[in-house]
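Asks: pasting the structure only:
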């Protein structure tokens, strides 16, 4: 065809008089023979990227993927899609600190998308969903998970999806670890945690509550019975204040222990006035719990509010509920009555000194600035530590956590088949980080079993810049559009001209007076309408939605629809000159330009 | 249906009746209400057209280059500095033989701001290749839009309609707005011989080397001249369909006239009244109204002016260093005639200065009392 048309053109170029000039100054013949693609030095590539939210999620949650399905009203599909990377949406949708929302590219436009609330909506929808669609046959190998907190749950879930026969040992009579006996019920209702375990059991995961490893079953025996072991016993010990009188009164208690006792329904009394020591999330949970038991609560923290490690939203809610805060103060001494009750707590005022190794200003004692706090109980929440007694003789004595390498293999045992994750290891103490470590361990165990180099797996499957691994990518559950997993689409890559402001929908929340009156959950899951409206705010960063901008703007008609109704676009490289207009006008950085040399590789 | 319409709204109605597909424009006083009305029509659905907002007149015309090349009927309107900003693209449109129709509201050109009537803006585009037609009334403006598309699409050349700021753009008159079905019958859908077609791509506006460019320009020149063959026929067709007759020029009481006044635009109406008044006093004076200025209708001008004793040309425009451009071009056109008339160039009414019947009478009396104009322009009404 090209040859024939070329002849047409050569004829027309034989202009003998002005009458041979074509009207409208066009070539008389087709220009199809002129393959202008050979002008190109850079070329557009059509590939999805990693959105900023997914990059920020320690678990690599494919948020955009399930929000897209949610938008279409395909809630069950959204649920199972979500669970490919993050197994417990009804839990994380309630308690996650939502690094995704901090990273959301909507922040520079108006406000981040309510990802947590949407995840909760989808997670709660999961109650009506059937059996897990991705369950494989067993691979003949077994995995013992010690500890049923979020890290253990996650390792069990992904381990089962990889074909391992899994059992979870839990020392307490109830499953869930910190989710069940740490996080108070008003934030995470018991039945939500219980429902997740029903789903794990339905996947064929064996649950062994009330089985303390080291007491009810020896560590050695587990090693004999199972091919792989995942340690996830968390950090259930409390640091001591280290002040005079601390060990002499039953009125001075570990906050974490109090939370556990309340959660297990044991009788707990604190008296009318309670002082909580600490500035982290546990301190806030403890303070709000005893507030709900009818006490007046003062939270004492040695630095200022700015340095508090607790989630700011929860600090705000605690304040609304009537918790008193005393910043820049630290306990010095407790004076007791003869019956062991507290006469007074003596604190010292602090001031902020130079920056310490945590990057915050170090609190420094103000000499002589002592003051008394009248209180009936003192609850400590100044840090949690793993309890490693059950590993006695295996883990090095005196360690405060279990050391692991990149594969999460603990440097213990003789076969390299013992892995560890969650708060027992040295990772950020959040539920999502624990879930992420469980997922990572499951993949590491699978690599160990299959003899695959885990380093290669990490290279292939790391989501964006973060530590998260994509389980879908590892499983070759390939998406419809090619996914450049390592390239993150942050706000600089978004063409904001194409997005309009829209207010964020907040979950309905009871006011402080109502919520502090009980341990009931005080936030409501979105209605379907709210979920739809909020989901519509997602900008689908780095993910093609077939908006057709590239198709419309291409000056060479070289952006084409895919053959066979496949999703997305293709390029006609015969004629694409590499001008980059499609790249510039793609609102969400799906189209990127690469050099011809790079593209040929 | 008879309606009370300002000149600007009459233009918008004309575009609507022609079912234009794309409108792209940038607002400028006194044109603004044209595109306001068109945007309202697009929004309400009265006009099924794409209204493309742009950031300048240059872009407005460039947008129409694309749309017209894609084979649809397009429209825009502008004025004064806006027209000048389009200048580069005006050449392109004519060179690419695109049948764009544009309304230009004649307004004085800055510097020294002035928003009032003055034809220097359109006059300064005379060499772009656009067909130029000057209008006197709202009815003529509306009718001329319809005829302009017939002509433009017939000869593949752009047409510019121009009319005076405020005197016409913002003055309300009774206008007969024809039924759109009758306009459809007069103006068939645009079916270009060449258009952008992604399945059969052609080269548009490519490089033309020296051995062909001359021929290309000559082809443009010949296309412009085709106006003289087709426009009278189009006008007759329009008369048959709608009952109103226009031409390349309009003559009024010229038969035995000793003096004929030549005008373009709204001054014509004032001259017509003045002539009636002077005729009653026995003075043999007539009027030739110019409608078509590009292409120059050489034969027509020679026919209607060649036998007159004295021709007064009133220019509401000024080419500094030359004076009125209409006068200059009429002089050039009539020069080869053996018994050419005495030509009296007059400049008047710049920047919206009112030209009254008394002014016209004074101008005519000047011609009557002088036998040797010597081509020296009269700056009528200038504060000396």
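Replies: In hand now; what should we look at? Here the structure is a predicted model, which is why all the values come from computation and not from measurement.
Asks: Get me the contact residues on chain A for chain B.
Replies: A:15, A:17-32, A:34, A:557 (CB under 8 Å from any CB of the partner chain). (C-beta placed from N, C-alpha, C; glycine too.)
Asks: Give me the buried subset of these.
Replies: Neighbour counting with 16 or more other CB atoms under 10 Å in any protein chain shown marks A:18, A:21-22, A:24-27, A:29-32, A:34 as buried within those.
Asks: which pair in those spans the largest distance?
Replies: A:18 and A:32 (27.7 Å; CB to CB).
Asks: Show me the helices in the stretch 151-300 of chain B, by range?
Replies: Remark: helices assigned in the stretch 151-300 of chain B by DSSP state H, counting those that start in this stretch are B:180-186, B:210-242, B:267-280, B:298-305.
Asks: Present these as JSON lines; the columns should include mean neighbour count and distance to chain A.
Replies: Formatted as JSON lines, the helices of the stretch 151-300 of chain B follow (neighbours: other CB atoms under 10 Å in any protein chain shown; distance: least, CB to the nearest CB, whole Å):
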{"stretch": "helix B:180-186", "mean neighbour count": "14", "distance to chain A": "23"}
{"stretch": "helix B:210-242", "mean neighbour count": "15", "distance to chain A": "4"}
{"stretch": "helix B:267-280", "mean neighbour count": "19", "distance to chain A": "35"}
{"stretch": "helix B:298-305", "mean neighbour count": "18", "distance to chain A": "20"}
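Asks: Figure out which of those helices is closest to residue A:382.
Replies: Nearest to residue A:382, of all the helices of the stretch 151-300 of chain B, is helix B:180-186, at 83.3 Å by CB to CB.
Asks: can you give me the strands for the stretch 301-450 of chain A?
Replies: Secondary structure of the stretch 301-450 of chain A (DSSP state E, counting those that start in this stretch): strands at A:324-327, A:329-336, A:342-355, A:361-373, A:377-380, A:384-385, A:418-420.
Asks: Tell me the strands beside the fifth one, with direction?
Replies: Strand pairing for strand A:377-380, using DSSP bridges, gives strand A:252-254 (parallel), strand A:273-277 (parallel).
Asks: Residues in contact with the longest one: which ones?
Replies: So the one you mean is strand A:273-277. By CB atoms under 8 Å, 6 or more residues apart in numbering or on different chains, the residues outside strand A:273-277 that reach it are A:241, A:255, A:283, A:286-287, A:290, A:295-301, A:331, A:345, A:373-382.
Asks: quick one, what contacts the residue lying closest to residue A:335 once chain neighbours are set aside?
Replies: Spatial nearest neighbour of residue A:335, excluding adjacent residues (CB to CB, 6 or more residues apart in numbering or on different chains): residue A:343 at 4.3 Å. By CB under 8 Å, 6+ apart, residue A:343 lies in contact with A:335-337.
Asks: Need the winner for burial among the strands of the stretch 301-450 of chain A.
Replies: Looking across the strands of the stretch 301-450 of chain A with neighbours counted as mean count of other CB atoms under 10 Å in any protein chain shown, the highest average goes to strand A:418-420: a mean of 28.
Asks: Show the pLDDT at the residue of the stretch 351-500 of chain A found nearest chain B.
Replies: Of all residues in the stretch 351-500 of chain A, residue A:497 sits closest to chain B, at 13.9 Å by CB to the nearest CB. At residue A:497, the pLDDT value in this model is 96.
Asks: Not counting residues beside it along the chain, what's closest to it?
Replies: In space, residue A:497 is closest to residue A:587, 7.8 Å off (CB to CB, 6+ apart).
Asks: sec struct for the closest residue to chain A within the stretch 1-150 of chain B, please.
Replies: Closest approach between the stretch 1-150 of chain B and chain A, counting by CB to the nearest CB: residue B:97, at 4.4 Å. Secondary structure state of residue B:97, per DSSP: H, G, I helix; E, B strand; the rest coil, is coil.
Asks: List the residues that contact it.
Replies: By CB under 8 Å, 6+ apart, the residues touching residue B:97 are A:23-25, B:156-157, B:220, B:223.
Asks: Is there any residue in stretch B:190-203 that contacts chain A?
Replies: Yes - against chain A, stretch B:190-203 shows contacts by CB under 8 Å from any CB at B:192-194, B:198, B:200-203.
Asks: Check stretch B:70-81 too.
Replies: No - looking at stretch B:70-81 against chain A by CB under 8 Å from any CB, there are no contacts, and the closest approach is 10.2 Å.
Asks: Could you check that stretch and say which residues are buried?
Replies: Neighbour-count burial for stretch B:70-81, counted by 16+ other CB under 10 Å, picks out B:72-81.
Asks: Where does the record place the domain boundaries for the chain?
Replies: No chain specified, so I'll use chain A. Per automatic domain parsing, the structural domains of chain A span A:1-31, A:135-236+A:386-461, A:266-382.
Asks: please go with chain B instead
Replies: Per the record, chain B has its domains at B:2-242, B:249-379, by automatic domain parsing.
Asks: and the shortest one, average pLDDT?
Replies: So that's domain B:249-379. In this model, domain B:249-379 has an average pLDDT of 96.
Asks: what do you get for the longest one?
Replies: Rounded to a whole number, the mean pLDDT of domain B:2-242 is 96.
Asks: tell me the two of the contacts of residue B:97 that are most distant?
Replies: The most widely separated members of the contacts of residue B:97 are A:25 and B:157, with 12.2 Å between them, by CB to CB.
Asks: From residue A:348, how far out is the closest residue to chain B within the stretch 201-350 of chain A?
Replies: Of all residues in the stretch 201-350 of chain A, residue A:313 sits closest to chain B, at 43.1 Å by CB to the nearest CB. Applying CB to CB, to the nearest Å, the value for residue A:313 to residue A:348 is 30 Å.
Asks: Export the strands of the stretch 301-450 of chain A to CSV and append columns for mean pLDDT.
Replies: Below are those laid out as CSV (pLDDT from 0 to 100):
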stretch, mean pLDDT
strand A:324-327, 95
strand A:329-336, 91
strand A:342-355, 92
strand A:361-373, 90
strand A:377-380, 94
strand A:384-385, 88
strand A:418-420, 90
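Asks: Need the ones you listed in a markdown table (columns: distance to residue A:278).
Replies: Below are these laid out as a markdown table (distance: least, CB to CB, whole Å):
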| stretch | distance to residue A:278 |
| --- | --- |
| strand A:324-327 | 12 |
| strand A:329-336 | 11 |
| strand A:342-355 | 13 |
| strand A:361-373 | 13 |
| strand A:377-380 | 7 |
| strand A:384-385 | 10 |
| strand A:418-420 | 26 |
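Asks: who wins for proximity to residue B:211 among those?
Replies: strand A:342-355 (78.0 Å).
Asks: The closest one pairs with which strands, parallel or anti?
Replies: Counting by DSSP bridges, strand A:342-355 is paired with strand A:329-336 (antiparallel), strand A:361-373 (antiparallel).
Asks: So for residue A:100, which of those strands sits nearest?
Replies: strand A:361-373 (29.1 Å).
Asks: Residue B:333 and residue B:298 touch, don't they?
Replies: Yes - between residue B:333 and residue B:298 there is a contact under CB atoms under 8 Å: 5.4 Å.
Asks: That'll do, ta.
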